[in-house]
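> Please find the sequence and the predicted model below.
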Amino acid sequence: MPSPKTASKSGPHHARSLRSHQALRIVGMVATGSLVFAGTAAAAMYVDFQNAVDVSDVSDLVEGASPEPPRDPDDPFAGKALNILVMGTDYRDAENAAIAGEEEGMRSDTTFVVHVSGDRTRMEVVSIPRDSLVDIPSCNLSDGSTSKPRKGTMFNEAFQIGAGQDDDLVGAAACTITTVQSITGLTITDHVVLKMNGVVGVVNAIGGVTMCLPEPMKENPRYGTLDLPAGQTTLSGDQAISFLRARHGTGMGLEMGSDLSRIPRQQAFIDSMLREVLSKNLITNAPELYGMIKAVLSSVSASPSLAGLDSLAGLAFSLKDIDTNEIVFTELPVIDAPSNKNRVVWTKDAQAIWDRMAADEPPPGHETPAPTDVAPDTGAVQGTDPAAGTDPAAGTDPAAGTDPGAGTGEVAPPVAPPVVEERLPGVC
C-alpha cells in the first residue's frame, strides 16, 4: 500500500493530466467551432454576393440559345472560343442620372464584340457604331410579345426596342444580341451590360487607368467638365466615364462631335485598362483578382455563365499570359449612309471580319507562321558526297562554314519578322 506521501504525489499529477486533456479538448472544440463559423460566414457572404449579382438570362428570348452545358469548374470556358457582346447603356436611373442628367428611355451607348480565341492567345475587339443603319429583326420581348422587324434603322434602337415600356434590361440585351447575330452571322456566346456608374466602380477597383494623351482634351462646358492635360495621366472612375462619353470640345477627336470619333478613344481606354490589369498582376493575385471580379460583377448585368466569381476568375486566369501585342482592336469599315450623312452603313468588307471571328482565325498580320518542310536525314555527313564516302572533309571550304544548312538539302526555317506594336493614340 503506498505511503500517504506517495499517494499525495500521484493524486495531483493525475489531476493535472486530466485538466490538460480537458483544456486541449476545449481548445479543439473552440477552434473547430471557429472554423465552422468562419466557413459558414464566408459561404453566407458568397451566397449573399451572388444573390446580389444582376444576372441577365436571355435564353428564353434569343433564338437558338440553349441551356449551358456542364463546364470545367477551374475554367468553365476552357478550350472554347468566345464572342462576348459588351453593351454600355445610357439608362438614366437615379445613380446614372446624377452622372449624365435625366433622360427617358434606354439605349445602348456603346457596343462592341470581344472575340477570345479558343487557345487564349488572342483577343480581338470590334466596336459597332451606334449610328449604323442596319436591319433589326423581329425580337422576342419579355412580356411575351414580338416586335416587328425594321429595315434601315439605327443599330442602338435594338436595345430600346427590347427594353420596351418597362425599361427591361434583359429584353434590351436579348434584342441587341438577336440583331448582332442576324447582321453578322456570329454566335454570341456571352454578354455583359454595363451602366455608366458601373464603369466608375470597375475603374476605381483596379486603382485607375493610366493613359498617355498626345494632346490636351477639354470638353465643351455645355456638356461636361472633363479637362485633361497632354501626357501621362491616371483616370479615376469619374474621369473615365467622362472620357468615354465626351463628344464635344477640343482634343482627341472632340472637334468632330460624332459617335465615330469616340470609338478610337474608347478602344484606347479598353486597351489601357487591360494593360493595367496585366501589368499589376491582378490576375495572379487571388485576393486582388476576386476583389476586382466582385467590383465588376457588382457593376454589370451579365449572362449566367459570366455572372459567377469562380467562372469569371477562371476565364481571367486563362488569359494571364496573353501577349498584349495579340490584343487587337479592329475598326469596322463604314461609309456615310446615302440616305443620311449623319448615319453610316457597313461596307462589304465588314463581313470578312465577322467570318474570321466565327472561324476563330487571327486578324491579318497575326497569323502563326506555317511550318516548313525539312528534307529527311539520309545519314550522310553534311557537305559530303555519299558516293565518295572516303574523306568526309574533302572538297569542303573551311571558310564556308557560316551556313549550317548549305549542301544538306534542308530548307532553313523562315525567320519571322519582328512584330512592331502599333498602339492607339492615348495608350502608354
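Alright, I've got the coordinates. Since the model is a prediction, treat every value here as computed from it, not as a measurement.

> in the stretch 101-250 of the chain, what spans have low per-residue confidence?
Across the stretch 101-250 of the chain, the ranges flagged by pLDDT under 70 are 101-107.

> what are the ranges of the strands in it?
Listed in chain order, the strands of the stretch 101-250 of the chain (DSSP state E, counting those that start in this stretch) span 108-116, 123-127, 133-136, 150-154, 190-195, 209-213, 217-219, 227-228, 231-235, 249-250.

> which outside residues touch stretch 211-229?
Identification of contacts with stretch 211-229 by C-beta atoms under 8 Å, 6 or more residues apart in numbering yields 230-235, 239, 242-243, 245-252, 254, 268-269, 272, 425-428. Yep, even glycine has a C-beta here, placed from its N, CA and C like the rest.

> List the buried residues in it.
By neighbour count on 16 or more other C-beta atoms under 10 Å, the buried set for stretch 211-229 is 211, 213, 217, 218, 219, 223, 224, 226, 228.

> and which of the residues you listed is nearest residue 195?
residue 224 (17.6 Å; C-beta to C-beta).

> Tell me the spacing between the closest one and residue 131.
Residue 224 sits 20 Å away from residue 131 when distances are taken as C-beta to C-beta, to the nearest Å.

> Tell me which stretches of this structure form helices.
For the chain, helices defined by DSSP state H occupy the ranges 4-52, 94-100, 157-163, 169-184, 196-205, 237-245, 259-279, 286-299, 309-318, 350-358.

> need the strands of the stretch 101-250 of the chain in a markdown table with distance to residue 283, can you?
Formatted as a markdown table, the strands of the stretch 101-250 of the chain follow (distance: least, C-beta to C-beta, whole Å):
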| stretch | distance to residue 283 |
| --- | --- |
| strand 108-116 | 14 |
| strand 123-127 | 14 |
| strand 133-136 | 36 |
| strand 150-154 | 37 |
| strand 190-195 | 18 |
| strand 209-213 | 16 |
| strand 217-219 | 30 |
| strand 227-228 | 28 |
| strand 231-235 | 20 |
| strand 249-250 | 35 |
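
> now for those strands, which one comes closest to residue 180?
Closest approach to residue 180 among these (C-beta to C-beta): strand 108-116, 7.0 Å.

> Quick one: residues in contact with the closest one.
77, 81-90, 122-128, 130, 155-156, 158-159, 172, 176, 180, 184, 186, 188, 196, 244-245, 262, 266-267, 270, 315, 319, 357, 360.

> and the closest residue to residue 258 other than its chain neighbours, how many residues sit next to it?
Among residues not flanking residue 258 along the chain, residue 247 sits closest, at 7.0 Å (C-beta to C-beta, 6 or more residues apart in numbering). For residue 247, the count of nearby residues is 16 (other C-beta atoms under 10 Å).

> I'd like the distance between residue 247 and residue 237.
Applying C-beta to C-beta to residue 247 and residue 237 gives a distance of 20 Å.

> Kindly report the same for residue 139.
33 Å.

> quick one: which of those two has more around it?
A direct count of neighbours by other C-beta under 10 Å for residue 139 and residue 237 places residue 139 higher, at 27 against 20.

> just to revisit the earlier point, tell me which two in the buried residues of stretch 211-229 are the farthest apart.
Maximum distance among the buried residues of stretch 211-229 (C-beta to C-beta): 20.3 Å, for 211 and 223.

> follow-up on the earlier one: spit out the contact partners of the residue nearest to residue 258.
223, 254, 257, 258, 259, 261, 262.

> thought residue 238 was touching residue 197?
No: judged on C-beta atoms under 8 Å, residue 238 makes no contact with residue 197 at a distance of 9.8 Å.

> quick one, phi/psi of residue 332?
Per-residue torsions, residue 332: phi -80, psi 130 (degrees, to the nearest 10).

> That one and residue 130 touch, don't they?
No: using C-beta under 8 Å, residue 332 is not in contact with residue 130; the gap is 11.8 Å.

> Report the residue ranges of every domain in the chain.
24-55, 56-358 (automatic domain parsing).

> Most tightly packed of those domains?
domain 56-358 (a mean of 18; mean count of other C-beta atoms under 10 Å).

> Now do that one: distance from first to last residue.
23 Å (C-alpha to C-alpha, to the nearest Å).

> same check, this time on stretch 244-255
Note: stretch 244-255 ends 15 Å apart using C-alpha to C-alpha.

> ok, now stretch 183-200?
Stretch 183-200: ends 31 Å apart by C-alpha to C-alpha.
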